[in-house]
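Chemist: I would like to see how this sequence folds:
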Amino acid sequence: MLRSSHSARHIRRIIQNKSTAVRTLVSSTVKASSSITSLDTYKTGSTTPNFTDPHSAHGSKTTAEIVRSIGVFQACRLPFLVNNAEKLLNVSSKVLGTTFTNAVMKHTFFKHFCAGEYSVDMKPVIDRLQENNIGPILDYAAESDSDGSSASGDFQGLTTQPPFNQPARIYDYKSEKQCDHHVEIFKNCIRSVRDVSPHGFAALKVTALGNPVLLERMSTIIVEAKKFFATMDENKTGFISREDFLRCYDRHFHREDPVALDEILDLLDPNNEEMIDYISFAKMLTPYTLSSFTLKCKEVGPLAQVTPSDDEIALMAKISERLCSLAEEAASCGTKLLIDAEHQKYQPAIDSLVLELQQQFNAKDVTDRPVIFNTYQCYLKDMPERMVTDLKRSERFSFHFAAKLVRGAYMVHERARAKELKIPSPIHDTIEHTHRCYDDSVKILLEYRKKNGPGLELMIASHNKKSIEKTVQLMNEMELTSTDSTVHFAQLFGMADNLTFPLGLHGYNAFKYLPYGKVQEVLPYLLRRAQENGDMLGNAGSEVDLLKQELKKRVAFA
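Modeler: Alright, predicted model coming up:
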């Protein structure tokens with residue numbers, strides 16, 4: 001009986017070992033088959049990605065990562081937690097200590113949404129992404145939350161009295177030295193991209209390179225100059241005659257120097273067509289040149305009131321120099337630079353600075369591909385007009401147009417600010433309008449690419465499955481292959497893996513935004529990500545379902 005029992009146990013062990021071996025063989029075969037399929041698809045680009053396959057989306061994650069992802073998403077679906085996140089963190093820091101609070105954040109939300117504290121920490125994350133044909137977009141995620149309401153820092157001594165007895169402006173920012181420090185951080189980010197990916201991107205925020213209050217001032221100048229042109233453009237055609245310009249000039253300014261005025265007209269109408277458009281006008285009347293006009297004003301009007309001081313102009317030039325040094329670094333490293341969109345009160349200044357960079361570093365006689373990408377937020381009502389104007393600028397000044405399209409990241413802030421200032425909200429009234437704006441903008445740019453050939457590049461930075469499917473369909477209709485450099489797709493790290501990974505496995509130019517930085521520095525980013533994406537995360541049921549399906553499959557085969 002003992003021998004029989006021992007034999008039975010021995011037989012059971014053999015069967016169990018063989019079953020384990022069979023499961024391992026089946027699993028290996030499935031993985032190998034999946035890898036072969038992905039490789040074939042990558043070569044041919046002939047199939048459409050499946051955005052509902054749990055294994056494609058989450059198969060490369062460890063079981064622990066899947067469990068953490070489910071926990072984070074479920075937490076983000078709790079309105080009380082999302083709406084009171086900042087207060088809860090402050091209470092935790094006071095009661096339990098900052099060290100403990102940061103440690104909890106680091107191993108939960110930070111680890112889910114951020115790739116590491118330093119660029120060197122991200123190598124395992126980047127390696128795994130690249131194994132799935134997904135490129136990195138490195139993004140130093142420390143954010144300035146200055147609202148310009150206080151007065152401190154190195155800018156205090158720089159505020160001379162501006163023209164026309166305007167009140168002195170005291171700029172609140174850590175220091176010029178801190179801005180220069182951020183330049184070095186971004187340069188290291190660019191070099192890190194070069195070292196890990198020949199076709200990667202680096203992202204940056206302009207508010208990290210200069211005074212946010214100054215950027216708002218600069219934006220106000222640009223907006224007032226645009227309004228001034230609109231007063232001349234009575235028919236709203238985007239064009240005015242030389243006669244209209246001279247009539248308006250004489251109404252507002254003293255004509256002291258006829259030679260200088262002739263030079264201005266030559267800038268506005270270089271081909272002597274007797275017509276002036278907004279693009280030429282905006283290039284001539286900038287924050288740097290405004291004072292030369294308003295010094296001749298017959299009376300103090302809106303343009304005169306926003307005229308910058310000499311110190312402000314010097315600080316503006318400093319921001320431009322910092323951006324230029326980063327663009328030079330990116331161009332020399334073969335890295336593409338994404339300039340993020342920010343609050344609407346800063347955006348006209350950011351657009352103007354990016355335009356300067358694009359004219360220099362995307363110039364068609366310098367490069368055959370764009371280096372600098374601007375970002376367009378499609379939830380803004382004026383976005384299509386601005387994008388089309390910039391597209392025309394790229395033709396006029398002969399540079400490659402490059403755009404990243406997003407739906408928008410500051411909706412809560414923009415609507416609250418509009419309410420506070422008692423002005424119309426700059427954001428579309430409904431989500432349907434935003435969707436339409438996004439999809440129409442993609443179509444405009446792809447049709448332009450089809451008509452004009454290579455050069456234009458577009459990044460679809462979206463978590464919206466329908467928009468991505470429409471873009472893929474348009475690419476197929478226009479015979480743009482998945483590997484064509486025209487279109488890139490990007491999603492945030494820790495979100496929408498069901499979109500990014502299938503796109504990568506099917507050979508499309510797929511990327512993940514990889515925010516990084518010290519936990520304490522990145523907390524504003526994490527809070528904004530939770531607040532601005534509350535609805536999206538609250539409706540993350542489909543992504544949670546895919547995670548649970550993958551987890552159940554693993555438990556079943558354990």
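
Chemist: which stretches in this protein count as strands?
Modeler: Applying DSSP state E to the chain gives strands spanning 134-140, 201-204, 239-241, 275-277, 336-339, 372-377, 402-406, 457-461, 487-492, 510-516.

Chemist: so which of the ones you listed is nearest residue 347?
Modeler: strand 372-377 (8.0 Å; CB to CB). In short, each C-beta sits where N, CA and C put it, glycine included.

Chemist: direction included, what does that closest one pair up with?
Modeler: Its sheet considered, strand 372-377 pairs with strand 336-339 (parallel), strand 402-406 (parallel) by DSSP bridges.

Chemist: mean confidence score for that strand?
Modeler: Strand 372-377 shows a mean pLDDT of 98.

Chemist: next one: that strand to chain centre, how far?
Modeler: 7 Å (CA atoms, centre = their mean, to the nearest Å).

Chemist: pull it out as PDB, backbone CA atoms only.
Modeler: Presented in PDB, the C-alpha positions along strand 372-377 are these (Å, rounded to 0.1, in the frame of the first residue of the first chain):
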ATOM      1  CA  ILE A 372       9.900  72.500 -33.200                       C
ATOM      2  CA  PHE A 373       6.200  71.600 -32.600                       C
ATOM      3  CA  ASN A 374       3.600  74.000 -31.300                       C
ATOM      4  CA  THR A 375       0.600  72.800 -29.300                       C
ATOM      5  CA  TYR A 376      -3.000  73.600 -30.200                       C
ATOM      6  CA  GLN A 377      -5.800  73.100 -27.600                       C
END
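
Chemist: any figure for the gap between residue 442 and residue 126?
Modeler: Residue 442 sits at a distance of 28 Å from residue 126 (criterion: CB to CB, to the nearest Å).

Chemist: what do you get for residue 406?
Modeler: 22 Å.

Chemist: please identify the most buried of the strands paired with strand 372-377.
Modeler: Burial of those is given as mean neighbour count (mean count of other CB atoms under 10 Å); strand 336-339 ranks first at a mean of 25.

Chemist: which residues does residue 110 contact?
Modeler: 519, 522, 526 (CB atoms under 8 Å, 6 or more residues apart in numbering).

Chemist: which ones are touching the second one?
Modeler: Which is residue 522. 110, 114, 141-142, 515-516.

Chemist: which of these sit farthest apart?
Modeler: 110 and 142, at 12.9 Å, using CB to CB across those.

Chemist: one step back: out of the strands of the chain, the one nearest residue 220 is which?
Modeler: strand 372-377 (19.0 Å).

Chemist: go through stretch 283-299 and flag the buried ones.
Modeler: Of the residues in stretch 283-299, 283, 285, 287, 290-291, 293-294, 297 count as buried by neighbour count, 16 or more other CB atoms under 10 Å.

Chemist: could you export that stretch as CSV, CA atoms only?
Modeler: This file holds the C-alpha atoms of stretch 283-299, laid out as CSV (Å, rounded to 0.1, in the frame of the first residue of the first chain):
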residue,chain,number,x,y,z
LYS,A,283,5.4,90.4,-37.8
MET,A,284,5.9,94.2,-37.9
LEU,A,285,4.2,95.2,-34.6
THR,A,286,5.6,93.0,-31.9
PRO,A,287,6.1,93.5,-28.1
TYR,A,288,9.7,94.5,-29.0
THR,A,289,8.7,97.2,-31.5
LEU,A,290,5.6,98.5,-29.9
SER,A,291,7.2,101.4,-28.0
SER,A,292,8.6,102.9,-31.2
PHE,A,293,5.0,103.4,-32.3
THR,A,294,3.3,104.4,-29.1
LEU,A,295,5.9,107.1,-28.4
LYS,A,296,4.3,108.9,-31.3
CYS,A,297,0.7,108.4,-30.1
LYS,A,298,-1.6,111.4,-30.2
GLU,A,299,-3.4,110.1,-27.1
